[in-house]
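Asker: no FASTA, just this:
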């Protein structure tokens with residue numbers, strides 16, 4: 001669980017619904033895998049908690065690529081079993097579908113609150129430059145990093161109750177300096193570089209640190225909006241300030257293109 005836990009608890013820019021990230025961390029923290037457990041028992045336990053891992057399917061002439069769970073890159077197998085999706089796998093699926101002469105359309109099925117920023121731009125470009133028609137669909141949620149990927153597709157389809165948007169970026173630091181002080185501990189940092197050791201436990205961010213981080217998230221947010229507006233021509237900046245919109249409202253805001261009744265409206269062969 002090292003990659004995602006470090007990203008969520010560290011100083012990495014994140015594109016994920018804040019409460020969903022918190023819930024995910026709490027769920028993962030309660031998983032207990034002891035050395036005496038056999039692999040089969042671990043698999044059974046994780047499957048009971050998170051369900052079976054989804055794989056790409058070919059339905060008729062459509063490739064269905066699942067993007068289900070918290071998004072990351074370079075994840076371990078245990079992370080992927082714990083309701084996380086690796087962008088390396090998504091990229092591999094896209095390339096396989098593009099090379100398959102029996103596939104006429106690529107459908108990306110989303111059920112994700114978002115995740116980390118690593119690898120998003122590269123996979124997004126792969127979607128946008130795809131040599132076959134692309135459709136994003138969700139009957140649950142497609143937010144933040146997941147929506148950034150979905151917005152790259154030609155069509156974006158959702159049910160009335162599905163959730164979309166959450167366009168934004170954040171970086172979280174826990175300032176424990178007062179807690180350290182109450183314990184009689186003072187953190188002394190010897191460093192070279194104005195922003196080196198920024199956010200080290202027991203210290204506070206300086207004004208310059210905060211300005212540097214704010215510039216970073218602003219730039220990433222602006223890039224996120226620009227990415228959406230390349231294909232979602234009617235989307236407006238004021239509707240991309242971190243809000244989450246239900247399907248019908250998302251369609252009114254120009255964030256999705258079609259309202260569907262159920263996923264079979266998109267994925268069934270024609």
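Answerer: Received it, and whenever you're ready, just let me know what you need. For clarity, every value in this text was computed on a predicted model and none was experimentally measured.
Asker: Tell me where the stretch 51-200 of the chain has strands.
Answerer: All strands of the stretch 51-200 of the chain, identified by DSSP state E, counting those that start in this stretch, fall at 57-59, 62-68, 70-72, 84-86, 105-111, 114-116, 134-138, 141-143, 155-158, 163-165.
Asker: Do I have it right that residue 20 meets residue 113?
Answerer: Yes: between residue 20 and residue 113 there is a contact at 3.6 Å, judged by Cβ atoms under 8 Å. (Glycine included, C-beta is placed from N, CA and C.)
Asker: re earlier: tell me which of the strands of the stretch 51-200 of the chain lies nearest to residue 223.
Answerer: Closest approach to residue 223 among the strands of the stretch 51-200 of the chain (Cβ to Cβ): strand 114-116, 15.0 Å.
Asker: Counting by contacts, list what the closest one packs against.
Answerer: Packing partners of strand 114-116 (3 or more Cβ pairs under 8 Å, 6 or more residues apart in numbering; DSSP states H and E): helix 2-9, strand 14-16, strand 70-72, helix 145-150.
Asker: looking at those, which one has the lowest mean pLDDT?
Answerer: Mean pLDDT across these is lowest at helix 2-9; the value there is a mean of 62.
Asker: Flag every buried residue along stretch 117-127.
Answerer: For stretch 117-127, the neighbour count (16 or more other Cβ atoms under 10 Å) marks 117, 118, 119, 120, 123, 124, 126, 127 as buried.
Asker: Now for residue 20 and residue 113: what residues contact both?
Answerer: Common neighbours of residue 20 and residue 113 (criterion: Cβ atoms under 8 Å, 6 or more residues apart in numbering): 70, 143.
Asker: mind listing what residue 140 touches?
Answerer: Applying Cβ under 8 Å, 6+ apart to residue 140 gives the contacts 110, 111, 162, 163.
Asker: How much space separates it from residue 88?
Answerer: Distance of residue 140 to residue 88, given as Cβ to Cβ, to the nearest Å: 23 Å.
Asker: Same check on residue 79?
Answerer: Counting by Cβ to Cβ, the gap from residue 79 to residue 88 is 12 Å.
Asker: Looking at those two, which one has more neighbours?
Answerer: For the pair residue 79 and residue 88, the greater number of neighbours falls to residue 79 (21 against 15), based on other Cβ atoms under 10 Å.
Asker: thinking the more buried one is in contact with residue 72, fair?
Answerer: Yes: counting by Cβ under 8 Å, residue 79 does reach residue 72; the two are 6.8 Å apart.
Asker: Residue 15 is nearest to which of the strands of the stretch 51-200 of the chain?
Answerer: Of all the strands of the stretch 51-200 of the chain, strand 114-116 sits nearest to residue 15, with 4.8 Å by Cβ to Cβ.
Asker: between the strands of the stretch 51-200 of the chain, which one is nearest to residue 192?
Answerer: Taking Cβ to Cβ, strand 114-116 is the member of these nearest to residue 192, at 28.5 Å.
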